[in-house]
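Enquirer: Sequence first, predicted model second:
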Amino acid sequence: MTDDYEALLTSLESVLHQRAPLYARYGPGGTFDHSRKALLAAIKNEYRNGAATRVSESSLDDMGHADERYAKFVGDAVDERTRYALLEADAQVLEFKMQYLKAKTYENAQLARMQ
């Protein structure tokens, strides 16, 4: 069991290290929404400052959401959130495998005592 368990533990550690920055960004209390709002505000300010005439907030909001930088930011976030979800699933699978291995080892030890 030890070698198998150690291999699973090493794999789990690797997955958790890959997941950590994504968790910090997209998990509870993450920084994504703040970053998104800051980017949108900066883009809207560029449009506001570059406009020859007064532009309504609604129009600025539409222009900000349609801006290619914002669209790229959101597209990248979709990719990263997908990776985050996959890493979360991988971590759960590894944890279940470790639990199964522990239970199987315990079961085998109990069977060995009975003989």
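Expert: On my side now, so go ahead. Numbers count the residues shown, from 1 in each chain.
Enquirer: And the pLDDT for K37?
Expert: Confidence at K37, expressed as pLDDT, is 98.
Enquirer: E68 now?
Expert: The predicted local confidence for E68 is 98.
Enquirer: burial measure for it, as a count.
Expert: The burial count assigned to E68 is 9, neighbours taken as other C-beta atoms under 10 Å. From N, CA and C alone the C-beta is placed, and that goes for glycine too.
Enquirer: element containing the residue nearest to L12 when sequence neighbours are not counted, please.
Expert: Counting by C-beta to C-beta, 6 or more residues apart in numbering, L94 is the residue found nearest to L12 once chain neighbours are left out, at 4.3 Å. For L94, the element it lies in under DSSP states H and E is helix 68-114.
Enquirer: ok, D3 to A109 distance?
Expert: Distance from D3 to A109, counting by C-beta to C-beta, to the nearest Å: 17 Å.
Enquirer: Correction: the previous question concerned Q99.
Expert: For Q99, the distance to A109 under the criterion C-beta to C-beta works out to 16 Å.
Enquirer: Who are the packing partners of the helix holding L94?
Expert: Here helix 68-114 touches helix 2-26, helix 32-50, going by 3 or more C-beta pairs under 8 Å, 6 or more residues apart in numbering; DSSP states H and E.
Enquirer: Quick one: these as a markdown table, columns for distance to D67 too.
Expert: A markdown table is the format used below for the helices and strands packed on helix 68-114 (distance: least, C-beta to C-beta, whole Å):
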| stretch | distance to D67 |
| --- | --- |
| helix 2-26 | 21 |
| helix 32-50 | 5 |
